[in-house]
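Peer 1: Any chance you can model this:
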Amino acid sequence: MLQINSFDLYQILIYAFTWTTLYFLLCLCNSRRSYEWHCRMVTVVHATLISSLAIYSTFFSGPWPFSESGGPNTSLQVRTVSLCLGYFIFDFCWCMYFKTEGPVMVAHHFLSIVGLTWCLIAGHYGTELVCTIGGAEITNPLLQLRWFLRELGHYKGTIWGHIVDWAFMLSFGFIRIVLGSILLYSYYQQNTDFWGRLGGTTIYSIGWIFFINILSYAFRKYLRIYKDWVKMKKGSTRNGNVKGLRTTFDSQNREDNFISNGNRKNGGVPVIPEREIPSQREIKNGVASLTPRESLVVRDCPGEN
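Peer 2: I've put the predicted structure just below:
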């Protein structure tokens, strides 16, 4: 089969076939779920596996990407990049067939395939590329978890939805933007060539596009939540005032009904509430005067002891 440097077409096709087989097995084992559900399950498996390999290659096997980039590919780097390339071929074909992704994601998949292929053909850039792959894929399970929660109805308005959103946003910003900026800066300080710098700058720029979209989404989401909270607060205050007024009106109506009923029961004799009769102290102090009230019936007011 076709083989150029560390690029082995036979090996790439085997990896692509492996990811495709895993997808169809998931579809057969759980036919109640959608095709996208199973594709995202494959994505989680790939992200977990590739991130683990990338972390081991970067921190344990080496070389160190912040100071030793641009060297020849190691066997572990070749295997990691080939496995990742096989997945991207599967996922790119799936997205094109079902037409589920927009132009930005399609461009991301295409550029990823080109970059991974070029890394294997050139026989270099494995150190920096594997580090970049690990940083890009380590946040992917959180993104897929968000989608699964939404499909199961456990995302909107739940604490888990907020936790996953913030965890993804913060980890993406720290790894792809903060550490990505440091890696790109150190990459330009090393003895690297034009193609490596072009590839690194392109991947870094795509990361910024994704991060801006994430921040825009988060701003719209939490602004909407804040507006709904303000409306609810105003509504509860208004309802409380109306409830208080309604209580006052009901109390007054009960009193009026009591007086009216008393008038009817006593043959038209007016009924005066007891609280309107001045006390002896008020009369003595001149606060109120005792006026003759003839033909009046004194009754206790409702609710008074």
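
Peer 1: And the contacts of the helix or strand hosting Glu36?
Peer 2: Glu36 is part of helix 35-56, with elements assigned from DSSP states H and E. Applying Cβ atoms under 8 Å, 6 or more residues apart in numbering, the external contacts of helix 35-56 come out as 19, 22-23, 26-27, 30, 76, 79-80, 83-84, 87, 90-91, 94, 98, 100, 130-131, 133-135, 137-138, 140-141, 144, 147-148, 151. (C-beta placed from N, C-alpha, C; glycine too.)

Peer 1: helices or strands up against the particular helix or strand that has Tyr187 in it?
Peer 2: Tyr187 is part of helix 180-189 when elements are defined by DSSP H and E. If you count contacts as 3 or more Cβ pairs under 8 Å, 6 or more residues apart in numbering; DSSP states H and E, helix 180-189 packs onto helix 126-137, helix 194-265.

Peer 1: what's Tyr15 in contact with, if anything?
Peer 2: So Tyr15 contacts 82-83, 85-87 (Cβ under 8 Å, 6+ apart).

Peer 1: Tell me the spacing between the residue nearest to it when sequence neighbours are not counted and Leu120.
Peer 2: Spatial nearest neighbour of Tyr15, chain neighbours left out: Gly86 (2.6 Å); criterion: Cβ to Cβ, 6 or more residues apart in numbering. According to Cβ to Cβ, to the nearest Å, Gly86 and Leu120 sit 11 Å apart.

Peer 1: Just give me the lowest mean pLDDT stretch among the helices and strands packed on helix 180-189.
Peer 2: When the helices and strands packed on helix 180-189 are compared on mean pLDDT, helix 194-265 scores lowest, with a mean of 74.

Peer 1: tell me what the helix or strand hosting the residue nearest to Tyr15 is packed against?
Peer 2: Using DSSP H and E, Gly86 sits in helix 75-98. Using 3+ Cβ pairs under 8 Å, 6+ apart, the elements in contact with helix 75-98 are helix 9-29, helix 35-56, helix 103-122, helix 126-137.

Peer 1: how about the CA coordinates for the helix holding Glu36, as CSV?
Peer 2: C-alpha atoms of helix 35-56 as CSV (Å, rounded to 0.1, in the frame of the first residue of the first chain):
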residue,chain,number,x,y,z
TYR,A,35,-27.7,8.2,14.6
GLU,A,36,-26.3,11.4,16.0
TRP,A,37,-26.4,10.0,19.5
HIS,A,38,-24.1,7.1,18.4
CYS,A,39,-21.8,9.3,16.4
ARG,A,40,-21.3,11.5,19.5
MET,A,41,-20.6,8.3,21.6
VAL,A,42,-17.8,7.5,19.1
THR,A,43,-16.6,11.1,19.5
VAL,A,44,-16.4,10.7,23.3
VAL,A,45,-14.4,7.4,23.0
HIS,A,46,-12.0,9.0,20.5
ALA,A,47,-11.6,12.2,22.6
THR,A,48,-10.8,10.1,25.7
LEU,A,49,-8.4,7.8,24.0
ILE,A,50,-6.5,10.5,22.0
SER,A,51,-6.3,12.8,25.0
SER,A,52,-4.8,10.0,27.1
LEU,A,53,-2.2,9.2,24.4
ALA,A,54,-1.4,12.9,23.9
ILE,A,55,-0.9,13.5,27.6
TYR,A,56,1.4,10.5,27.9
